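J.: build me a structure from this.
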Amino acid sequence: MQSPKETTISSEVTLTAAAPRGGGASRATIWYLQWLRALGAVAIVLLHAVRAVELAPALVAVSPALIYGESLAIIPLTRWAVPVFFMMSGALMLDPARSMPARKLVRHVWRIVFVLLTFGLAFCIIEAGYDARSLNGQVLLTALVNLLTGHSWDHLWYLYATIGLYLVTPLLRWLVRKVSWPGVLALCLVSWLLCCVPSSLMILGWVDGGVAALDSACGWAFPLPYYLTGYVLHHEDGHLTGLRSARLVLYALGAGALILMVWLASAYGLTQFSMPEQVLILPYGVACFVAARQLLDKRQIGARWISVLADYSLGIYVIHPLFGHLLIYPLAIQQLAISAGVPGVLALQLAIVLLGVFASMLITEAARTIPAFKGKM
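T.: Below is the predicted model of the structure:
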């Protein structure tokens, strides 16, 4: 089944952390990270609402121009979100001023593992049961194997990647303490080039043994440059964002990368260049991160609804694809949307977005009443 792809706010403003209950914010709330976290979760739901329809040929046939336009629009509107989530994690997890003993790091890893063992396993069972058209011991075994080998619903790759980043955090924290600031910046650049460039060259057809070998050796580590870059952008003390000229350079690089991604998608159908493992999305993510910090950090602009969305962001991310499946797979719903034409497709997408956000929040809140889920979602 295709997927449509601690803590107070001051101490852990990442997708995988729990915000203060009730949408409140602590005195030390880092508001620009809250905005990124909240809007990023909504952006992911919007992205998958478009993707869910793209994967349904009958719906695409009704509104090809609409789907084509949406497939281009989601590049600037949504593709920044996952890179920025990784950046937020790096900004806080690698902060030398924050204590990160082994016990605390283990708690962070366990939170992600717990979500995978509950919601992730449930999704694997749904997928295996759907494929087998039954529910038996073999289906449960297949689901468990899929979960343990990372073959769960597509969007959950982010959680597996986060576990990996957390496990190398002690080494990275040691590096950022020992290496000079220019050295950390160089490490970001080198890791980006090694992890993301080979894959992009292969998409373009520039394939030889060296590029393929480098992609095989380093491509799997593509979240690493985002993690390190988030640390740099949050702790650079004016080296990059303190000077207007430096910010303009970062914005120009981000805009150039965005234009190139949209052009490659529109002219050649290479929509994969907007994926996190490719080389162009990092400059655009950096521009979004820097713009949010510049606009919101000093002013500390906040809103209760942003705190609420941020509080539920992990639940929204994990649960939301369920509603895309529930609304796309039933042929009766598809036929109803098709009979209404383009407005019907738009209404279906709107329903996916609304359920993806608000029903996911309700399910998350229900899960939080279970003692085992306390502090996990």
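J.: the strand or helix carrying Gly210: what's the following helix or strand?
T.: If you go by DSSP states H and E, Gly210 is part of helix 209-218. Using DSSP H and E, the next helix or strand after helix 209-218 towards the C-terminus is helix 223-235.
J.: now do the buried residues in the following helix or strand past that next one.
T.: Reading on from helix 223-235 to the C-terminus, the next helix or strand found by DSSP H and E is helix 244-268. With burial defined by 16 or more other CB atoms under 10 Å, the residues of helix 244-268 counted as buried are 247, 250-251, 254, 257-258, 261-262, 264-265. C-beta coordinates here come from the backbone N, C-alpha and C atoms, glycine included.
J.: Trp157 touches Gly150, doesn't it?
T.: Yes: with contacts counted by CB atoms under 8 Å, Trp157 reaches Gly150, the gap being 7.1 Å.
J.: more crowded one of these two?
T.: Each of Trp157 and Gly150 has its neighbours counted (other CB atoms under 10 Å); Trp157 has more, 18 against 13.
J.: give me the element the residue lying closest to Gly150 once chain neighbours are set aside is part of.
T.: Leaving out its chain neighbours, the residue that sits closest to Gly150 by CB to CB, 6 or more residues apart in numbering is Tyr160, at 5.2 Å. Using DSSP H and E, the secondary-structure element containing Tyr160 is helix 157-167.
J.: show residues contacting stretch 57-76.
T.: Residues from elsewhere that reach stretch 57-76, judged by CB atoms under 8 Å, 6 or more residues apart in numbering: 46-47, 50, 53-54, 258, 261-262, 265-266, 271, 274, 284, 328, 334, 337-338, 341-342, 344-346, 348.
J.: among the residues you listed, which ones are buried?
T.: Under a neighbour-count criterion of 16+ other CB under 10 Å, the subset of these counted as buried comprises 46-47, 50, 53-54, 258, 261-262, 265, 271, 274, 284, 328, 334, 337-338, 344-346, 348.
J.: which other residues reach the helix or strand that contains Arg107?
T.: Taking DSSP H and E as the criterion, the element that holds Arg107 is helix 102-115. Residues lying outside helix 102-115 but in contact with it, judged by CB under 8 Å, 6+ apart, are 6, 16-17, 93, 159, 162-163, 166-167, 169-170, 314, 318, 372-373, 375-377.
J.: what's the angle between it and helix 157-167?
T.: An angle of 170 degrees separates the directions of helix 102-115 and helix 157-167 when computed by axes from the mean of the first three to the mean of the last three CA atoms, to 10 degrees.
J.: tell me the helix or strand right after helix 102-115.
T.: Toward the C-terminus, helix 102-115 is succeeded by helix 121-132 as the next helix or strand (DSSP H and E).
J.: in that next one, what's buried?
T.: Neighbour counts using 16+ other CB under 10 Å place 121, 123-129 of helix 121-132 among the buried residues.
J.: if we can go back for a sec, now do the helix holding Arg107: distance to the chain's middle.
T.: Shown here is helix 102-115, whose average C-alpha point lies 19 Å from the average C-alpha point of the whole chain (CA atoms, centre = their mean, to the nearest Å).
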